[in-house]
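1. Provided below are the primary sequence and the corresponding predicted coordinates.
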There are 2 protein chains.
Amino acid sequence: MPRSLASYDVIVVGAGIMGMASAYHIKLNNANKEVLVLDRFGAAGQGNTGRSNAMFRNTFSSVDNQTLADTSINFYLQAQNELKADIGLQQIGYLWLMSETQLHRSEPFLEGMVSNGIETRRYDLTELRQLLPGMVSSFESNGEAALMELPEVQAGIFGPTCGRLNPDKLIRFYAEKFVRMGGKVGFNTNVEKLLVGPSKQLGIDGEPFVWQDSEVKGVRVSGAMSGDLPAENVVLACGAWGNELLAPVGMDGHVKAKKRQLFSVSATGSPELEALLRSKGFNALGLLPLIILPKSGVHFKPVSEENGLWIACEDEVNRPFIDIPDHDLDQYKAEPGYFERGIKPVLAAYFPAFEKSKVRAMWAGLYSYNTLDYLPFAFKDNNLLVVGGDSGSGIMKGDSLGRIVDALYRGEEEAILHGDRPYRVSRIGFDRREVDREEWVI
Amino acid sequence: MPRSLASYDVIVVGAGIMGMASAYHIKLNNANKEVLVLDRFGAAGQGNTGRSNAMFRNTFSSVDNQTLADTSINFYLQAQNELKADIGLQQIGYLWLMSETQLHRSEPFLEGMVSNGIETRRYDLTELRQLLPGMVSSFESNGEAALMELPEVQAGIFGPTCGRLNPDKLIRFYAEKFVRMGGKVGFNTNVEKLLVGPSKQLGIDGEPFVWQDSEVKGVRVSGAMSGDLPAENVVLACGAWGNELLAPVGMDGHVKAKKRQLFSVSATGSPELEALLRSKGFNALGLLPLIILPKSGVHFKPVSEENGLWIACEDEVNRPFIDIPDHDLDQYKAEPGYFERGIKPVLAAYFPAFEKSKVRAMWAGLYSYNTLDYLPFAFKDNNLLVVGGDSGSGIMKGDSLGRIVDALYRGEEEAILHGDRPYRVSRIGFDRREVDREEWVI
């Protein structure tokens, strides 16, 4: 392929949810700008977006997280219900089964949510026993539960607005609209480096010197496209892989990556699991909500189209960071023993229906997060924009973050989130960051 | 050497200024505890502490930086003046030569310093011309200065409390007192990894599982000491090298490292440089203060015992982060061309006395900093303590940080800094961090 010499107004690196939502909103509000999205995979959403659990919630301790997620969810709801876009959205709800300590800890968060218009409801133990007949709520004389120090469930906190969607379909929704507006995509193309040069070229060998201002001039790519692609602005939306591009120019991507695993079990052949999957009384779909157990963040969700359940857990302590760039493919493999000896004993103690369940599929992705406060960020440094740090919630905040990137690109102080909600973009930057650390992490 | 089986109450990793000050204050306040300091070098302060410019200032925009530095400086002054410790401290002052824009920007910082008791004074251009006769203050018809966009000096801001000290001697001061109290040191010893295990050992193969709490059990070392050293508490005080120990357990060290270079020139044979070096009127020593130019943070200080000057510059933009661990020794070499083509043109435009100066020695060290807010941090996570992120100011805040580490170790909410000044330790942690980003960076 010949060396490309086309120049773009904006190059977006990464066609995951954040890159595609950013590209879509930039193109929507800047119709005459040439926008190119690059991705190493053959289509959009094939990286960590596609490997994720693709759940969404608006229930957070941080007001910013609440707002970013709630407006994005409303946009997705509108897309599915009014625009008739097929994004596989099921509003099944989230149900936290909480110990007494956890209930006490969550009280201030729940109060804060009320004042921001976020709906939750509480189920007491009697109600939970009726709605979830297979649930164990007493560990008396259960030696294994005592060994694992499993707390008993005291009550449930339910978020009815929360749910799941299909990440491939959501990405396609953005990508198709972006291309229809004239946006360009370059797949199977790897971004090797950011091209940096002096803001004012003097033509002296060795530029830029320490006394010169410098800026990003474009990106160097290889693969289906190859060569140097000049750009007026570059948007990095490639998760922890952004570190690989930022480190050589001495900028911090403010994000670290850990492996996160998903385990899929079938309900077929298990009347108990089938009954659990189709628990009535929580939502209009007659499906189980996402259930979060009171130990180690173990959680599971119904996948009705597979007649199965997907299981995962919070996995931060002792889990090493993955070096980026990384070529050790074992990093991306799920570990059978991790499920059998780590997750399953907890799961089966609360829901014995899982005792005989076998994993039929498992995979892993990168959980990229901002170790500082577990909130996403978006900032503009000269002509380089960076968005990320979603802490496993890129999908649920993707639309808001895309609008914020567009506002930063246009030099606006406020982004207008879905529902005409203004949001000061500096809140999630680093120069004048104003967010409170997220305390309600899964 | 046989496998060591001794157990310690506290193991401090790193015998730089922060490690030695921490070990000293812990031992001072916990006389019956066994404290061991480990370092890969053969003596204390041989890493980046010894390679640093070893300057100190109390002039910052951040109130926390002001307090941490001011109390440490007062402790060092007391050590030299009252305890008669030889730490090579010279209170030469810092003199910022500022452009109009910089003066305007620094006004709020200067006001803030007044209310925290930090002394500064302003020299107008007439005074500067008298005190620094070799200084160029007009670039009219200077084409090279125009090309480099050098701003003209409008005034000087002087910090009389600031100065320089000898890092080797300061470290020795702490190390000798620490050893005299019964503290142990293990030099030429490399810490290979943190040993992590379940808080409550169950004796089951594969521990710790995801449902178990875990903690640091000690460190694995090689070199002069070798084997596994158990410890009740571990303090990491090894700058960016801490990342190497923290990444495998999935904890963020919150610090990145870049190369910083120092260039030494002799004044011998140059009457102009000799006159500059011994500029009168700034301090009781009859020496030039540290001079900071209004472009690219180029700065130089007098080293009277060498009859020379050391020169450096702010070097953040485009300077890559250094991967830790790193075995590319070129990273630690100074670059002659960087001085000749980057720093010297700026230097000689303001002070032509440097035009003919030749570099007689140059070296580089790691400038480790917290990319978030450029302030140091100290936190305790279970039985692991981490201190760092000094942004090139570990020496000037070393004593305060040592006291904060000791307070964290003892579970105190407040450290008592030198001069009986209480300081809430959570201010520089990450869970409830309260500091404002430092805006006055060199």
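-> Good, I have the coordinates.
2. hey, let's count contacts and neighbours off CA atoms from now on
-> OK.
3. tell me how many other residues crowd the residue nearest to residue A:424 when sequence neighbours are not counted.
-> Distances taken as C-alpha to C-alpha, 6 or more residues apart in numbering or on different chains put residue A:414 closest to residue A:424, at 4.4 Å, once the chain neighbours are dropped. Burial of residue A:414 is recorded as 17 neighbouring residues (other C-alpha atoms under 10 Å in any protein chain shown).
4. so what's residue A:414 up against?
-> Going by C-alpha atoms under 8 Å, 6 or more residues apart in numbering or on different chains, residue A:414 touches A:404, A:407, A:422, A:423, A:424, A:425.
5. one more: residue A:94?
-> Residues near residue A:94 by C-alpha under 8 Å, 6+ apart: A:57, A:158, A:159, A:160, A:162, A:163, A:289, A:290, A:291, A:292.
6. secondary structure class for the second one?
-> The reference is to residue A:158. What DSSP: H, G, I helix; E, B strand; the rest coil gives for residue A:158 is strand.
7. in strands only, show me the contacts of residue A:94.
-> The strands, defined by DSSP state E, take in A:158, A:159, A:163, A:290, A:291, A:292 from those.
8. got a quick PyMOL command for the buried subset of the contacts of residue A:414?
-> A single PyMOL command is used to select the members of these judged buried by 16 or more other C-alpha atoms under 10 Å in any protein chain shown:
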select buried, chain A and resi 404+407+423+425
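9. so which of the contacts of residue A:414 are in helices?
-> Among the contacts of residue A:414, the ones falling in helices (DSSP state H) are A:404, A:407.
10. which one of the contacts of residue A:414 is nearest to chain B?
-> Taking C-alpha to the nearest C-alpha as the measure, chain B lies nearest residue A:425 of these, at 17.4 Å.
11. hmm, the closest one is touching residue A:404, no?
-> Yes: if you go by C-alpha atoms under 8 Å, residue A:425 and residue A:404 touch, sitting 6.1 Å apart.
12. joint contacts of these two?
-> Shared contacts of residue A:425 and residue A:404 (C-alpha under 8 Å, 6+ apart): A:378, A:414, A:415.
13. quick check, nearest of the residues you listed to residue A:255?
-> Comparing the shared contacts of residue A:425 and residue A:404 against residue A:255 with C-alpha to C-alpha places residue A:378 closest, at 11.8 Å.
14. what helix or strand is the closest residue to the closest one other than its chain neighbours located in?
-> The shortest distance from residue A:378 to any non-neighbouring residue, by C-alpha to C-alpha, 6+ apart, is to residue A:387 (4.2 Å). Assigned by DSSP states H and E, residue A:387 falls within strand A:384-388.
15. run the chain-centre distance for that strand.
-> Distance of strand A:384-388 from its chain centroid, counting by C-alpha atoms, centre = their mean, to the nearest Å, is 15 Å.
16. now do stretch A:55-64
-> Distance of stretch A:55-64 from the chain centroid (C-alpha atoms, centre = their mean) equals 12 Å.
17. stretch A:131-142 now?
-> Taking C-alpha atoms, centre = their mean, one finds the center of stretch A:131-142 at 32 Å from the center of the full chain.
18. so which residues make contact with it?
-> With C-alpha under 8 Å, 6+ apart as the test, stretch A:131-142 has contacts from A:129, A:145-146, A:152-154, A:272, A:276, A:279-281, A:349-353.
19. for the residues you listed, which one is nearest residue A:121?
-> Looking across the contacts of stretch A:131-142 and measuring by C-alpha to C-alpha, the closest to residue A:121 is residue A:281, at 13.2 Å.
20. ok, back up a step: residues in contact with the strand holding residue A:387?
-> By C-alpha under 8 Å, 6+ apart, the list of residues contacting strand A:384-388 from outside reads A:18, A:215-216, A:233-239, A:253, A:255, A:369, A:376-380, A:394, A:401, A:405, A:408-409.
21. and it, which strands flank it?
-> Strand A:384-388 sits in its sheet next to strand A:227-236 (parallel), strand A:377-381 (antiparallel), going by DSSP bridges.
22. which bits of the stretch 51-200 of chain A sit near chain B?
-> By C-alpha under 8 Å from any C-alpha of the partner chain, the residues of the stretch 51-200 of chain A that approach chain B are residue A:148.
23. run through the helices of the stretch 51-200 of chain A in chain order.
-> Using DSSP state H, counting those that start in this stretch, the helices found in the stretch 51-200 of chain A span residues A:63-81, A:100-115, A:125-131, A:143-147, A:167-180.
24. looking at these, which is closest to residue A:195?
-> If we rank those by C-alpha to C-alpha, the stretch that ends up nearest is helix A:167-180, at 25.5 Å.
25. which other helices and strands does that closest one contact?
-> Contacts defined by 3 or more C-alpha pairs under 8 Å, 6 or more residues apart in numbering or on different chains; DSSP states H and E place helix A:167-180 against helix A:17-29, helix A:48-51.
26. angle of the longest one against strand A:227-236?
-> It stands for helix A:17-29. Going by axes from the mean of the first three to the mean of the last three C-alpha atoms, to 10 degrees, helix A:17-29 is angled at 90 degrees with respect to strand A:227-236.
27. ok, back up a step: nearest to chain B, of the shared contacts of residue A:425 and residue A:404?
-> Of all these, residue A:378 has the smallest distance to chain B: 13.8 Å, by C-alpha to the nearest C-alpha.
28. can you report how many residues neighbour that closest one?
-> By the measure other C-alpha under 10 Å, the count of residues near residue A:378 is 23.
29. separation between it and residue A:237?
-> 9 Å (C-alpha to C-alpha, to the nearest Å).
30. same thing with residue A:294?
-> Distance, residue A:294 to residue A:237, by C-alpha to C-alpha: 33 Å.
31. any idea how far residue B:8 is from residue A:35?
-> Distance of residue A:35 to residue B:8, computed by C-alpha to C-alpha: 60 Å.
32. neighbour count for those two, which is higher?
-> Shown here are residue A:35 and residue B:8; by other C-alpha under 10 Å, residue A:35 has more neighbours (26 against 18).
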